[in-house]
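In: Here's my sequence, what's the structure:
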Amino acid sequence: MLRSLCVLVWSSSPAFFLLLLFLTLLSGIVPVILAAINAVLLNSAANLFFAHQVHPPVSSPLLIILLVMGSVLLLSRILTAGQTAVKNLYQVKLTHAISQAIAEKASLLDLAFFEDPESQNKMSNASYEAFSRPGIMIIQVTLAISSLVTLLTMGAVIAFWHLWIVFALLSSSLILFLVNTSHSKKKARAVIERTSLTRKSQYFSTLLTLDIFAKEIRVFHLRDFFLAQRRKITDRLYLQDRNLTIRQLNATNLAQVLLTAIQILLNLYIIDQLLMRNISIAQYSLYTQSVNQLNETFLSLMVAAAQLYENHLFLSYLFHFLAMEPRIETIPGQADRKNALPSVTPRIEFQHVTFRYPDTAWNAIDNLSFTLMPGQTMALVGKNGAGKTTFVKLLAGLYQPTQGHILFDGVDISTMSRPVLRAYLGVLFQDYPVYNLSVSQNIGLGDIAKMDHPQAIEYAARQSGFEQIARALPERYETILGRWIDRGYELSGGQRQLVGLARVFLREAPVLLLDEPTAALDPQNEWVFFQNLLTQQRVKGQTVIFISHRFSTVRHADHILVLVDGKKREEGHHDELMEKNGTYAEMFRLQAHMYRECL
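Out: As a prediction, this is how the structure comes out:
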């Protein structure tokens, strides 16, 4: 843990680290110097007093000592201001470094991570609890180093007189340390145990603050319901925090009573030594300041140590998260050339593929086998929950089959690096996003290498049917889509889908994998899209796999696969399946009947 923290702290800014360490060491020595100067000053003043020099001359050593003291005080304040500035800037750099590290790690992890609540709790702990703690730990470490330097120097002064005083102060300070570490353990355990509750509170806040939920919340009058749900959770969290805080406060106050009593007794002992003429006035000043400073230093050191311990408990979740490795996704630079396929458009085979989601008792895909030749079009049909979207995730390499094999030209895709596999795929998911970027950038995300090629982007927009919409926008292809960050243009549902389709067309991948590609399109745009798709497929020899509930489109596929509860119920082309008079024929006739009723 310490090694990982040091690497993180050092890598964020070596220069700030060294500068802060230097300033901290200097600031730790200053209190000792001031105590020594103050003792000398008191001794000189006493000598002048007993010499009856009420108005010391300018040449008096007293004036020189005061000037030295003023210089040291000025240096101390400059050091404090500089230390504060460096710590603030260092915290900013470290916070940015941690947020970057979390984003980099999250972008590498498998899709299964984002669909697992326990994994989301881990990321939440890393993001929210451990996010700011390394920066706080820098402040605590610098305070601890400064206190340690003061402790060693002040402790040496007292130790040369009476070593037992140092041990008395240390022993009493350990009580406060034990109280604080006990509280830290309880706090860390409570925070971790309630992570899901905290995430739920954040979820209700998200519902009330994001634009995608705003319409329905207002139309269905959901504001009071969601606010009440959030308030119920936050009140519960507050009660837990309050109870913990009260218990810590009571224990700390008892410890402070003991520490204060010990400090008063030690000061009484020093006064007694002065009255018995065992020490001089200068020694009295030095020892009194040293004991009081030593006591405060011990206390601040123990508090800092306890806080470091608490932050370490939370910080462990950050490093555990950063240590996670993907099982399916390929780490950048790792085996990117692995198993490149010999052909441009591969033959696709499913061999007895079964897949079950973690913590479920049924198979989402069950013993599925088929072969799709290069350049063919396959439609996947079935009721909701039949396993169609899971099929897309498996073929895109987002999940590994529980059993069986998926082959491209005889090569198991599980042995292929993800960049190599996905170079063959153009995928449109059912929950496709439109980003708060320009039209050009939104389409260009389909193939980053073509983002700065306007002709390729315009051609992809033309293929999807979005070209006329783009030309009518205020800034055409430079128009920002969405109003979440910038004041851009809000697209309709159908227009958003055309952007997603343009992104897929830009990719020009050998295999197009489309999940409900025309669900939000009107009949005219749907017709244009499929005409362009089939034309491009014939010209470029692409394999097209699409999921659709519209049988007017499905009937034109070369190969139709019917799924029921994850199992292959039927397969063939439209005419064959209609002759079988099975599940496909029943679904087709039901939809056709609904259209005839409208005529």
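
In: For the host helix or strand of Thr389, name the packing helices and strands.
Out: Thr389 belongs to helix 388-395 when elements are defined using DSSP states H and E. On a contact count with 3 or more CB pairs under 8 Å, 6 or more residues apart in numbering; DSSP states H and E, helix 388-395 meets strand 348-355, strand 365-372, strand 377-381, strand 511-515, strand 543-547. Where C-beta positions appear, they are placed from N, C-alpha and C, glycine not excepted.

In: what angle sits between that helix and strand 348-355?
Out: If you take axes from the mean of the first three to the mean of the last three CA atoms, to 10 degrees, helix 388-395 sits at 110 degrees to strand 348-355.

In: Let me know the angle separating helix 388-395 from strand 543-547.
Out: Here helix 388-395 runs at an angle of 150 degrees relative to strand 543-547 (the same axes, to 10 degrees).

In: Identify each buried residue in helix 388-395, please.
Out: Lys388, Thr389, Thr390, Phe391, Val392, Lys393, Leu394, Leu395 (16 or more other CB atoms under 10 Å).

In: C-alpha coordinates for the next helix or strand after it, CSV please?
Out: Next along the chain after helix 388-395, taking DSSP H and E as the criterion, comes strand 403-408. Extracted in CSV, the C-alpha atoms of strand 403-408 (Å, rounded to 0.1, in the frame of the first residue of the first chain):
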residue,chain,number,x,y,z
GLN,A,403,-19.6,-23.5,-23.4
GLY,A,404,-19.0,-23.9,-27.1
HIS,A,405,-17.0,-21.8,-29.7
ILE,A,406,-17.6,-18.9,-32.0
LEU,A,407,-15.4,-19.1,-35.0
PHE,A,408,-14.2,-16.7,-37.7
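
In: re earlier: what comes into contact with the helix holding Thr389?
Out: For helix 388-395, the surrounding residues in contact (CB atoms under 8 Å, 6 or more residues apart in numbering) are 111, 348, 353, 355, 357, 364-365, 368, 380-382, 399, 401, 406, 425, 427, 429-430, 513, 515, 545, 547, 563, 566.

In: what does stretch 225-243 give?
Out: With CB under 8 Å, 6+ apart, stretch 225-243 has contacts from Ala190, Arg194, Leu197, Thr198, Lys200, Ser201, Phe204, Ser205, Leu207, Leu208, Ile217.

In: quick one, domains of this structure?
Out: As given by automatic domain parsing, the domain ranges for the chain are 2-322, 338-424+510-564, 432-508.

In: still on that earlier bit, quick one, which of the contacts of helix 388-395 are buried?
Out: Neighbour-count burial (16+ other CB under 10 Å) applied to the contacts of helix 388-395 gives 348, 353, 355, 364-365, 368, 380-382, 399, 401, 406, 425, 427, 429, 513, 515, 545, 547, 563, 566.

In: In helices, which of the contacts of stretch 225-243 appear?
Out: Among those, the ones falling in helices (DSSP state H) are Ala190, Leu197, Thr198, Lys200, Ser201, Phe204, Ser205, Leu207, Leu208, Ile217.

In: Report the secondary structure state of Leu25.
Out: helix (DSSP: H, G, I helix; E, B strand; the rest coil).

In: what separates Arg483 from Gln495, distance-wise?
Out: Counting by CB to CB, to the nearest Å, the separation of Arg483 from Gln495 is 15 Å.

In: which one of those two has more residues nearby?
Out: Gln495 (20 against 12; other CB atoms under 10 Å).

In: and stretch 163-181, average pLDDT?
Out: Average pLDDT, stretch 163-181: 75.

In: Pull out the buried residues from that stretch.
Out: Within stretch 163-181, the residues that count as buried by 16+ other CB under 10 Å are 165-166, 168-170, 172-173, 175-177, 179-181.

In: Just those: which are in helices?
Out: Residues of those located in helices (DSSP H): 165-166, 168-170, 172-173, 175-177, 179-181.

In: Format those as TSV; extra columns: distance to Ser290.
Out: What follows is these, written out as TSV (distance: CB to CB, whole Å):
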residue	distance to Ser290
Ile165	9
Val166	10
Ala168	13
Leu169	10
Leu170	14
Ser172	16
Ser173	15
Ile175	21
Leu176	20
Phe177	21
Val179	25
Asn180	25
Thr181	27
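
In: returning to what we had before: mind checking which of the helices and strands packed on helix 388-395 is nearest Pro31?
Out: strand 348-355 (66.5 Å; CB to CB).

In: so where's the stretch 151-300 of the chain uncertain?
Out: 211 (pLDDT under 70).

In: nearest to Tyr477, of the buried residues of helix 388-395?
Out: Val392 (28.9 Å).

In: Put together a markdown table for the ones in helices among the contacts of stretch 225-243, with neighbour count and distance to Tyr584 on each row.
Out: Output for the ones in helices among the contacts of stretch 225-243, formatted as a markdown table (neighbours: other CB atoms under 10 Å; distance: CB to CB, whole Å):
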| residue | neighbour count | distance to Tyr584 |
| --- | --- | --- |
| Ala190 | 14 | 56 |
| Leu197 | 14 | 47 |
| Thr198 | 19 | 48 |
| Lys200 | 15 | 43 |
| Ser201 | 18 | 47 |
| Phe204 | 19 | 44 |
| Ser205 | 14 | 46 |
| Leu207 | 20 | 40 |
| Leu208 | 14 | 45 |
| Ile217 | 15 | 41 |
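
In: after the longest helix out of those in the chain comes which helix or strand?
Out: Among the segments of the chain that qualify as a helix by DSSP H, the longest is helix 223-275. Following helix 223-275 in sequence order, the next helix or strand is helix 281-322 (DSSP H and E).

In: so that following helix versus helix 223-275, what angle?
Out: Using the same axes, to 10 degrees: helix 281-322 against helix 223-275 is 150 degrees.

In: Thr252: how many residues sit nearby?
Out: Using other CB under 10 Å: Thr252 sits among 16 other residues.

In: Quick check: it vs Asn243, distance?
Out: From Thr252 across to Asn243, the span is 15 Å (CB to CB).

In: and what of Leu34?
Out: Applying CB to CB, the value for Leu34 to Asn243 is 42 Å.

In: the more surrounded of the two?
Out: Per other CB under 10 Å, whichever of Leu34 and Asn243 has more neighbours is Leu34, with 16 against 12.

In: three-state assignment of that one?
Out: Under three-state DSSP, Leu34 falls in the helix class.

In: Would you mind confirming that it is in contact with Leu73?
Out: Yes - between Leu34 and Leu73 there is a contact under CB atoms under 8 Å: 7.2 Å.

In: Can I get the buried residues of helix 388-395 in JSON lines including distance to Trp161 and pLDDT?
Out: Formatted as JSON lines, the buried residues of helix 388-395 follow (distance: CB to CB, whole Å; pLDDT from 0 to 100):
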{"residue": "Lys388", "distance to Trp161": "83", "pLDDT": "86"}
{"residue": "Thr389", "distance to Trp161": "78", "pLDDT": "87"}
{"residue": "Thr390", "distance to Trp161": "77", "pLDDT": "88"}
{"residue": "Phe391", "distance to Trp161": "82", "pLDDT": "90"}
{"residue": "Val392", "distance to Trp161": "79", "pLDDT": "88"}
{"residue": "Lys393", "distance to Trp161": "74", "pLDDT": "89"}
{"residue": "Leu394", "distance to Trp161": "77", "pLDDT": "89"}
{"residue": "Leu395", "distance to Trp161": "80", "pLDDT": "90"}
